[in-house]
Structures are given as C-alpha cells and as structure tokens.
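Q: This is a predicted model, with the sequence first.
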Amino acid sequence: GSLLLAVHFYSSARAAPLIPSTALGVLLLILSALLAYAGIRRSLRNGSLLVSLCLALSAFWCGYGLIFILAGQGVLASTEDLRDALVPGLATFTVALLLVATVGFLCGEPLLALVAAALSLASAHEVALHCSASLGPSAVACSYLMVCLAGGYFALGRILYFLSKGKVALPGTDLAKRKAGERSRCSAGSMNHFAAPGLLLNMLAASVFCCSLLGVTSKLSMGHVPWLWAAGIYQIGICVLSYRAMDVLMATAFGFMAILKFAGGYCLLHPLWQPEQPSFPAPLLVVFSILFAVLALFLSLQSPLDGLYLLVYVTFCIALACSPRGFFEGGPQGVAVAIFVASALVALIHLYNVRAGAKIPTGKGAVKALLARSSSLRLREGPDLHAPYLGYSKYADAEVLAYACSVLASFALTTMGDPQTPLATVVIPWVVVAGGILKLLGGSVAFARGKTLESSAFILYAVMWIIWGLTRCGGLYGTTRSFHAAVGIAAFVLFNSFIVFCSLFLNVAWFFYSLAFMLIAGSFLLDAIHALPAGYDLAATLIFGLVSFYCFLSALASSTLEGSCLPMGGPLVQLGGVGAGVTKCLHLPARKASSVKRIADILRSGGTCGIPTDTVYVLVAACSRPDAVEKAHRSKRQAQDRPMSLWISSLKQLEPAKHLFTPLLWDFMEAAWPSPISLVVPRGEWVDFLGMKDSAKYVGTPGSVAIRIPDCSVTTHLIDLVGPIVVTSANPTGEADTTHHNQVFAKLGDKVDAVLCGGPSPENIASTVVDCTRIDSGNIGFFRVGIIPKSQV
C-alpha cells in the first residue's frame, strides 16, 4: 500500500498521473480489506499494537480510497473540494498513528513504531502539501518509502528465520518471544483489545466537524461522507469484535457511536436531493442522550475512565437536540473538538495498557473496593459471566444494544415531520441503522447464543424497520397506498402473533415487548389501508419505546450486577414436563470438591448423573449398581449400534486382570490414555474384576466393550470416589451432543438425578472410538473419528 502511494505522489506532478485516481481508490479499498482481515485474524489469538495499527490504517485507506474514487469520477471536481475532503482524515491519522508509534517505542516494538511514525509523517506532509504549495509531493513519497523499507526488512528477517530454522533472527523479527509475552499478558486479565481502534475512529468522525469549526475547511460537503461512513462501518465491525471479547458495555457504546456517524453522513448528503439543511428531531436526541447517560453509569462500574468518556457523547447529543441545524451549527461542532481530544487521551491509555506490563490505572480497582462494602450492589464476574443458558457461544449477549435500538427507532417515528417532504427530517439513520442494521446484529448474536425465539423476533423487527423506514420515512412510499403494502404488513403481523404466543412461555417482559410491537405493526397496517386514527401511531410508538427502555435497563443491569434489580419476570404460561416449576434434579458446581463428593454419593445410591468431561457432557451410572445401569439404559432408549461404554480413572483398576490383556494392547492403552480416545477391546473375564455383576449385559456388545480414561481431573476424581462407571452421551439417541450443563436436564428431564455443572464444554466434538479387537494382528479400525485425528492415533 505504501509503495502504491509513493508511486502516486512521485508522479503527481506530471500532467497525467501514473495511477488514475479511480484505480488508486479501488486498489486502496482492496488493501484496506486485507489490512482489516490481518488485524482481526491477529487479534483473535492475542492482543497487540498491530491490531490497532491494522484496523486504524484500514479505516483510513478505506475513506481515502473512496475520496479518490469520487475525485476520479468528477464528483469532487475542483482542487479546493479535494483538499477540504482530504484534510480532516489526514490530520486525524497524523495524530492517531503518532499515538501508536509513541506507545510502540515505549513498549519495545521499534519496527512497528517505525512503520506507524513513517505513516504519520506521510499524513502530516500531505496536510502541509494541501495547505502550502511550497512543499512538493516528494516528501510524502519519501515517508511512504520508509514504510516499504521497514516492511522489506521484516520480510527479510522472517525469510532468514525460516531458512536457518530459527538460528538467525534479525532484531525485531523474532515473533516467538513476542507471542509468548502477549499470551502471558492476555492470561493475566481480560481486556477488550478493540477499544483503542474504536476510539481512534471516534477521532476520525470528530475531526470532520472540528476542521469546519476551526476554519481549516471552508464547508461541510459530500466529500466528508467517506470519512464518516467508513468510521461508522468499521465501528459496527468493532462492535461485533467487542462482543467476541465479551465486553457487552463497550460493544453497546460503539454501536451507539456508529449510529451518530451514519446520521452525520446522511446530513451531509442531504443537499443532493433537497437544497435546505435537514432538521433534527429534538425528542429523539434527548432520548439518545438518556441512553448514553445510563450506559455511562453502568460502564463506570466496570471502568470509570470509559464511563466518564461517554459523558462527552451525552453532551454531544444534548448539543444536537438544542441545535435545529444539527451538525452544521457551532454547538455540536464545539463538542466534537472535546470528543477528538478525549478520544485521543483515552485511546492512548488503552493502547498503553494493551501492551505494557505496568498499567495506567483506569479506576476499576477503586470501584471494586467501593462495591465490596455494599451488600446490595455486586458486580457480575467469573468465567460463567457470559455463558449462554444452552450450549457454547463465542459472543457475549447483545440484547442491551437490540433493546436500545428499539427505543431509538420507536421515538424517531414520533417526529417524522412533513409527509410531503419526509427526507427533510433526519429519521432514516435512526430507523434504518438503529432499528434495522444494528438490530439484525443483535438477532444474529442471539442466534449464536442459542436464543431461537429472541433472535427470530429481533430479525423480524429489524426487517420491518428497514422496509418501513425506507418506504415511508425515505419518501419511496409517497402519498399513495396500495393493497400490496397492506398484504406485506399483514404477513408481519401474522408472524409476530406467533412470537407473542411463544413469549407467553418465556417471560413477562418479552410478552409485553412483542405485544407492543404488534401495536406498531398495526399502525403500519392501518396507515396502508387509509384507516389510521389520529394519534394512534404516536401512542403505539411511545408504548413500544417505553417497554423497550425497561427491557434495555433490565438487560443492562443483569449483564453488570448480580441479582435481579429489574426482573424480566417469569413465564405467563407454565409448560408441563421439562422446565416446569421447581425440579428435584440437583445442579451442583463442578469447581467445588463438595459437589463432586455429593455426586459420588448419588451414584453409589443408585442414581444417574450428568457430568462434564474432556469432550461433551455424558450420563453416568456406577458399575457397582446394576439398577442404576439399567435405569441409564432405559432413559436413553439406547440403540444397539451405540452401546454404553466403560470408564476408569487409572489402569491400576485393571491391574488384577492385566494377565487377561495381550502385552501389545496393554502397552497401547498406557500410551493412549488419559485422552479423548475410547478403545473397543475384546470382551473377557476382566469385566468381572470391575464388580459389574448383572449390569454387564447393558455395557458394550456380546463380543467387545469400549473403555476409556478421560483426560479430565473432575471426572477421574469422581471415578476414584465411586469406582468404574458406565457412560453414555447425555442426550436422546440420535440427537446432537450435549455441550452445556443446562442442556442435560433440558434433554433428559427427570430421568437424570443430578447434574455436575461445568459450564460450556471445552470441545464440541465427541471422543474418537478405535477398534482394537484385532490389534494383535496389526490392524486397528475406527468406529468414529472425533476430536483426536487418525494420524495421532
């Protein structure tokens, strides 16, 4: 990328540039996508300054490339328009990359710091080039060539490292030590490594309005939209990545900030279709400031620094509400200067804390010490903080953002302005981006977390907001109404009635949430058939907004604090059978030794229990209790081709019967265990040594038995207390494996007496089953290839 820009600036003095503006813009867009991919792939393993550098530079080149495309297509015809469009982004990335370079030098990453400093210098030279004709473009090209040289040095170092098999490593190119240090820092404490690039993007959006206020640019124009929308798109991506980092509050904050960036870009595009500047719905912005303030309050409990930072956005929303011309007035632009400065300072702290061993305090320890004295307020912490009710998810819960988007979309509809000029009031960004795009994101995350009903509802409502927002609020609908629109809305109403019915079995809040949206859909339907009573749509949107606001507060409180400060309520209709009322099935935490002892007592008493293992959850019974083994067999409706297996905790339990195994098979068992490998061995008299008695007929087949030593300390400790156990998967035959303790009772119901709760399974794949019945003839087979591949066996 730097080589491309170096060639461009060296040849820019020519009458015909070597690389046309449109081609340069397209190439920069491709490179920005590759940079973003590199940063995301890097960050999923461990945190590093490289993440911030890649994502920030990717966003910069994305906006930069779009401006070059606009210039190439004649949209930015004059040199003055191109200068006004480029300077805000260039100024921002001069500062942002200088921050990355400073932290790189302080934290011992000189190569990365050199690249960031050279890119920052190139941006600074280009700003000077646009402001003064005395500086030639060669200075910009030289800075980009420095980046090329640093990249060539790194590539040479890696090539030498691989060719010499690690014996030769140029300074700064040995990644082994660096990765080990990063992993140790990541394991020391959880941190959202995407917060810093998200804050740098806030600087980019704020600089557009800062430059207008300070007179650096002559006016706000369509040329600034690429910076705002590039920052908005990347901020939605960082919102998703923050959910991957299990940071619900910062992810929600980045979602809110992305909405403001899209709204700003929409306002700058508005003169294309209407000459007058758009008006802002003041009540909506007041509501948005309240949402920001509530989020800042809860974020202060997690990180006071970030909570105080969000107060700047509260001020920004209030300034917009007080300004009829919105982003074009001096009040919001003055707050944008504060956002730029605050974002730079907070980003510097986040960048330093990601990489440095000694952290800059953010006030988290003081808040924890203060809350420790309170008996009513306790922060939710621990490994199970973001564990879903069923299964395993790589994402934290996104319901907070989804409910907040419902609030914004509904209150936006209360002030739609003149029906003859629907675009004159800024409604589309709140309805389409907040109510549509971000709610689709919330529905997708809910689906990934196993919330089928909630995800279906969020996605349905998002589609409704997008369609209705673009047709009615976007001017596509016009003053005419049609039968086809009414039929389409009626289909939404029908589907939502199904969601209302299902929410009866979920909780009270969801029932009222889905029922309130039925009022919204009803107002859309009545409007389509020319039968909308005066004031009905206003009442419906206010009711839905208030219900959504309560759900927002409840989800925010439950994700941050222990206990139910604002409960969602229980189901209105109780289902019979599984999940109905209080169950006799015990759920005990696996991390407590007393829980394992209690499970052992239940097994010795003839009970069956669900327990975690090194793969998925299983249903177990003690070999010494034939009645329990028979009960486990009946509860599973065990198929003949999937017989129950036998687990032991050590080969010492088979020592008395060692003479009944061939030496090769014994050696193979010693080499293979403990591990997720089940060995199917010939049935023999050794089974009697395990005290199975009459229960032996339920284990294995008449000619063979599957046996294993699990690689799980909790499971082996339980077997030490109980003796050998009979094992089968904790799900009805033919269904998917069970990967969370909540699924055990959900699938087996009262057929299981207790569940040892270990959270999500470490693996979602079952064990590998190896046929060792003919091992002495030199042959082994595979009944199932699970987590351990054939080559390792």
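A: Nice, I can see it.
Q: CA only for contacts and neighbour counts going forward, please
A: OK.
Q: Now the most centrally placed residue in the chain: phi and psi?
A: With distances taken as CA atoms, centre = their mean, residue 243 lies nearest the centre of the chain, 2.6 Å away. Residue 243 adopts backbone torsions of phi -70, psi -40, taken as degrees, to the nearest 10.
Q: So for it, what pLDDT did the model give?
A: Turning to residue 243, the model gives it a pLDDT of 91.
Q: Nearest spatial neighbour of residue 547, chain-adjacent residues omitted?
A: Nearest in space to residue 547, with sequence neighbours left out and distances taken as CA to CA, 6 or more residues apart in numbering, is residue 513 at 6.0 Å.
Q: The one you found: what's it in contact with?
A: By CA atoms under 8 Å, 6 or more residues apart in numbering, the contact set of residue 513 is 544, 547-548, 551.
Q: The helix or strand harbouring residue 102 - contacts with which helices or strands?
A: If you go by DSSP states H and E, residue 102 is part of helix 79-106. Counting contacts by 3 or more CA pairs under 8 Å, 6 or more residues apart in numbering; DSSP states H and E, helix 79-106 is packed against helix 49-72, helix 110-131, helix 195-214, helix 330-355.
Q: out of those helices, nearest to residue 702?
A: With distances scored as CA to CA, the stretch of the helices and strands packed on helix 79-106 nearest to residue 702 is helix 49-72 (57.9 Å).
Q: Touching, residue 428 and residue 470? I think so.
A: Yes - in this structure, residue 428 is within contact of residue 470 by CA atoms under 8 Å, at 7.1 Å.
Q: In terms of packing, which of these two has more residues around it?
A: For residue 428 versus residue 470, neighbours defined as other CA atoms under 10 Å are more numerous around residue 428 (27 against 16).
Q: in stretch 101-110, what's buried?
A: For stretch 101-110, the neighbour count (16 or more other CA atoms under 10 Å) marks 101-104, 109-110 as buried.
Q: distance between the ends of it?
A: 8 Å (CA to CA, to the nearest Å).
Q: List the contacts of the helix or strand hosting residue 548.
A: Using DSSP H and E, residue 548 falls within helix 536-560. Residues from elsewhere that reach helix 536-560 (CA under 8 Å, 6+ apart): 248, 295, 298, 379-380, 385, 399-401, 403-404, 406-408, 410-411, 413-414, 509, 512-513, 516-517, 519-520, 523, 564-568.
Q: Mind checking what helix or strand follows it in sequence?
A: strand 586-589.
Q: just to confirm, which helix or strand has the residue nearest to residue 547 in it?
A: Per DSSP H and E: residue 513 is located in helix 508-528.
Q: relative orientation of that helix and helix 536-560 in degrees?
A: Helix 508-528 runs at 150 degrees relative to helix 536-560, counting by axes from the mean of the first three to the mean of the last three CA atoms, to 10 degrees.
Q: Centre of the chain to helix 508-528, how far?
A: 29 Å (CA atoms, centre = their mean, to the nearest Å).
Q: same deal with stretch 451-461?
A: Using CA atoms, centre = their mean, the offset of stretch 451-461 from its chain centre is 17 Å.
Q: what about it, average pLDDT?
A: Summarised as a single mean, pLDDT over stretch 451-461 is 91.
Q: So which bits of that stretch are buried?
A: Neighbour-count burial for stretch 451-461, counted by 16+ other CA under 10 Å, picks out 451, 454-461.
Q: Secondary structure added to those, as TSV?
A: Formatted as TSV, those follow (DSSP: H, G, I helix; E, B strand; the rest coil):
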residue	secondary structure
451	coil
454	helix
455	helix
456	helix
457	helix
458	helix
459	helix
460	helix
461	helix
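Q: how about low-confidence regions in the stretch 51-200 of the chain?
A: For the stretch 51-200 of the chain, applying pLDDT under 70 flags the ranges 133, 176-190.
Q: Residue 311: how many residues sit nearby?
A: 19.
Q: quick one: it and residue 296 touch, right?
A: Yes - applying CA under 8 Å as the test, residue 311 and residue 296 come out as touching, 6.5 Å apart.
Q: all helices of the stretch 551-700 of the chain, in order?
A: Under the criterion DSSP state H, counting those that start in this stretch, the stretch 551-700 of the chain contains helices at 593-604, 626-636, 663-672.
Q: Figure out how far the helix holding residue 548 is from the centre of its chain.
A: Counting by CA atoms, centre = their mean, helix 536-560 comes out at 23 Å from the chain centroid.
Q: likewise stretch 760-779?
A: Put simply, stretch 760-779 sits 34 Å off its chain's centre (CA atoms, centre = their mean).
Q: Need the distance between the two termini of that stretch.
A: The first residue of stretch 760-779 is 36 Å away from its last residue (CA to CA).
Q: now swap in stretch 657-668 and tell me
A: In stretch 657-668, first residue to last residue: 16 Å (CA to CA).
Q: buried set for that stretch?
A: By 16+ other CA under 10 Å, the buried positions in stretch 657-668 come out as 657, 665.
Q: next one: stretch 592-606
A: The neighbour-count criterion (16+ other CA under 10 Å) identifies 595-596, 598-600, 602-604, 606 as the buried residues of stretch 592-606.
Q: one step back: show me what counts as buried in the helix holding residue 102.
A: In terms of neighbour count (16+ other CA under 10 Å), helix 79-106 has its buried residues at 81-104.
Q: Kindly report the same for stretch 265-272.
A: Buried residues in stretch 265-272, defined by neighbour count with 16+ other CA under 10 Å: 265-270.
Q: Of the contacts of helix 536-560, select the buried ones using a PyMOL command.
A: In PyMOL, a selection of the buried entries from the contacts of helix 536-560 looks like this (16+ other CA under 10 Å):
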select buried, resi 248+295+298+379+380+399+400+401+403+404+406+407+408+410+411+413+414+509+512+513+516+517+519+520+523+567+568
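Q: Give me the contacts around stretch 8-28.
A: Contacts with stretch 8-28, where a contact means CA under 8 Å, 6+ apart, come from 1, 4, 7, 61-62, 64-73, 137-138, 140-141.
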